[in-house]
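K.L.:
Below are the sequence and a predicted model; questions follow.
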Amino acid sequence: MDKSLQSIDQVKASALDMAVRFGPKLFTAIVILVIGYFFGGWAGKMLDRLLLRLELEAPLRVLLVRALRILVLALFAIVALQNLGIELLPLVAGIGVAGAGVALAMQGILGNVAAGLTIIFTRPFHVGDYISIAHEEGEVLDISLFSTTLGHTDLSKVVIPNRKIVGEILHNYGRIRRLDIKVGISYGADVDTALSLVSDILREHPRVLQEPAPAFGVTQLAESHVTVSVTPWVEVPDYETVIKEVTKTILDAFRARNIGIAAPQREVRMLGNGADAANRPAR
């Protein structure tokens, strides 16, 4: 019983000695970390305001602000560890070895991060642009370190890993798209009247952009019709709506002015057997 009491007393004495020796240092380290946390937040807000004035895009601002906060907190953590008397060189070496192992296990993720940084800094496209990449196309909704999100007109979303984007052929339509409407009118129709009607339709439609100027004209003399191409520009969100409205309006206008829209035709002639039978002498 006396030995047990002595052991408890020794533990209490050791704990008290540790508290006296390391308590103030531990308290100071915690205070340093708390100060670093709040200072990092303040520095991040100041940097974010500065970047807003420079009109940098949101993904790049978020990346730089987060990097600054982590850097500030890491510096304060180093000071806190030094205050506790911890040797940093072995710790850094251990972190380096562990980091190499993690990097090997996360090659795909790190590849996406590297590609995301490339996209953010080179800026081949922006949020709101309409792009075609990796056999997919859509409006850019979000650009992050790991992926880029495209939106379709059917309200679906496509998330593309950034490493699938960098190095690929990219078609950036920007914030406007060009319609490609083709109408085949008969050879007997008045082409000038048809073009005049198309011009009026494009000028009066509220969603058709007048700058750049709408383009239209005769582009092909096909076998059974004259091809009139109508290629005005519209805002990306209006693409599907305008292509339907303009096509319908052209159809109604051509019908009202008796401009025939040609249908495919084939002429078949029967040769040989009929003529031979007529000229063959009777027996």
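P.N.:
Arrived safely. Residues are numbered from 1 along each chain as shown.

K.L.:
Report the beta-bridge partner residues of the residue nearest to Val226 when sequence neighbours are not counted.
P.N.:
Spatial nearest neighbour of Val226, chain neighbours left out: Ile185 (5.3 Å); criterion: CB to CB, 6 or more residues apart in numbering. The way it works is simple: take the backbone N, C-alpha and C, and place the C-beta from them, glycine included. Note on Ile185: beta-bridge partners by DSSP bridges are Val226, Ile261.

K.L.:
From what I see, Ile185 and Arg257 are in contact.
P.N.:
No. Between Ile185 and Arg257 there is no contact under CB atoms under 8 Å: 10.8 Å.

K.L.:
Could you count how many residues lie near Gly167?
P.N.:
Residues near Gly167, counting by other CB atoms under 10 Å, number 9.

K.L.:
Tell me where the stretch 51-200 of the chain has strands.
P.N.:
Assigned by DSSP state E, counting those that start in this stretch, the strands in the stretch 51-200 of the chain fall at 130-133, 136-143, 147-151, 157-161, 171-174, 176-178, 181-185.

K.L.:
Would you mind putting the CA coordinates of the third one into PDB?
P.N.:
Presented in PDB, the C-alpha positions along strand 147-151 are these (Å, rounded to 0.1, in the frame of the first residue of the first chain):
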ATOM      1  CA  SER A 147     -11.500  20.200 -62.500                       C
ATOM      2  CA  THR A 148     -13.400  22.400 -64.900                       C
ATOM      3  CA  THR A 149     -17.200  22.300 -65.000                       C
ATOM      4  CA  LEU A 150     -19.200  22.900 -68.200                       C
ATOM      5  CA  GLY A 151     -22.900  23.500 -68.400                       C
END
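
K.L.:
Among Ile185 and Arg257, which residue is more densely surrounded?
P.N.:
Higher neighbour count among Ile185 and Arg257: Ile185, with 21 against 13, using other CB under 10 Å.

K.L.:
Now do the contacts for the more buried one.
P.N.:
By CB atoms under 8 Å, 6 or more residues apart in numbering, the residues touching Ile185 are Val191, Ala194, His225, Val226, Val228, Phe254, Ile259, Gly260, Ile261, Ala262.

K.L.:
got the contact list for the first one?
P.N.:
Listed by CB under 8 Å, 6+ apart, the contact set of Val191 reads Ile185, Val218, Val226, Val228.

K.L.:
Those, buried ones only, as a ChimeraX selection?
P.N.:
Selection of buried members from the contacts of Val191 for ChimeraX, criterion 16 or more other CB atoms under 10 Å:
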select :185,226,228
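
K.L.:
what's the residue closest to the geometric middle of the protein?
P.N.:
For the chain, the residue sitting closest to the mean C-alpha position, by CA atoms, centre = their mean, is Val140 at 3.4 Å.
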